[in-house]
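Asks: Sequence first, then the predicted structure, then my questions.
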Amino acid sequence: MQLSMVNDGSTVVARLDGELDEHTAAGVREKLDRRIEQGGFRNFVFDFSRLKFMDSTGIGVLLGRYKILKRSGAGIYIASPNPHVDKILSLAGIYSIIQKINA
């Protein structure tokens with residue numbers, strides 16, 4: 001799993017590449033939390049265009065970051081999930097709280 005984060009004006013884009021599962025979740029969680037703690041953004045985008053797989057542990061990582069970001073008042077978005085990840089997010093009801101965008 002590779003995670004890169006870039007600032008695009010007032011937006012942070014977190015690009016995940018690989019698999020977000022029980023083996024990679026802790027490292028991803030730590031990196032995301034460090035960046036969120038730094039602040040300085042109004043929107044946070046999870047770019048899932050290169051995410052190949054996500055399990056329930058990955059959903060937990062996403063939900064935990066959602067709660068933190070929501071408290072800070074940031075806009076939260078999921079960009080470009082592949083069909084497999086999109087189906088998992090849909091079944092989990094994630095799109096009822098986090099908006100999906102095409103980037």
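Replies: Received the coordinates, thanks.
Asks: Which pLDDT value goes with the residue most central in space within the chain?
Replies: In the chain, the residue lying closest to the centroid (CA atoms, centre = their mean) is residue 46, at 3.5 Å. Looking at residue 46, its pLDDT is 98.
Asks: thought it was touching residue 79?
Replies: Yes. The criterion here is CB atoms under 8 Å, and residue 46 meets it with residue 79 at 6.8 Å. Where C-beta positions appear, they are placed from N, C-alpha and C, glycine not excepted.
Asks: what's the longest helix seen in the chain in contact with?
Replies: Counting by DSSP state H, the longest helix found in the chain is helix 56-72. Helix 56-72 has contacts (CB atoms under 8 Å, 6 or more residues apart in numbering) with 20-22, 25, 28-29, 32-33, 36, 39, 44, 46, 76, 88-89, 92, 94, 97-98.
Asks: same thing but at 7 Å, please
Replies: The contact list for helix 56-72 (CB atoms under 7 Å, 6 or more residues apart in numbering) reads 20-22, 25, 28-29, 32, 36, 44, 46, 76, 92, 94, 97-98.
Asks: Can you report phi and psi for residue 31?
Replies: phi -60, psi -40 (degrees, to the nearest 10).
Asks: how far away is it from residue 93?
Replies: Residue 31 is 25 Å from residue 93, where distance means CB to CB, to the nearest Å.
Asks: With residue 3 instead?
Replies: Taking CB to CB, one finds residue 3 at 24 Å from residue 93.
Asks: Neighbour count: these two, which is higher?
Replies: More crowded of residue 3 and residue 93, by other CB atoms under 10 Å: residue 3, with 17 against 10.
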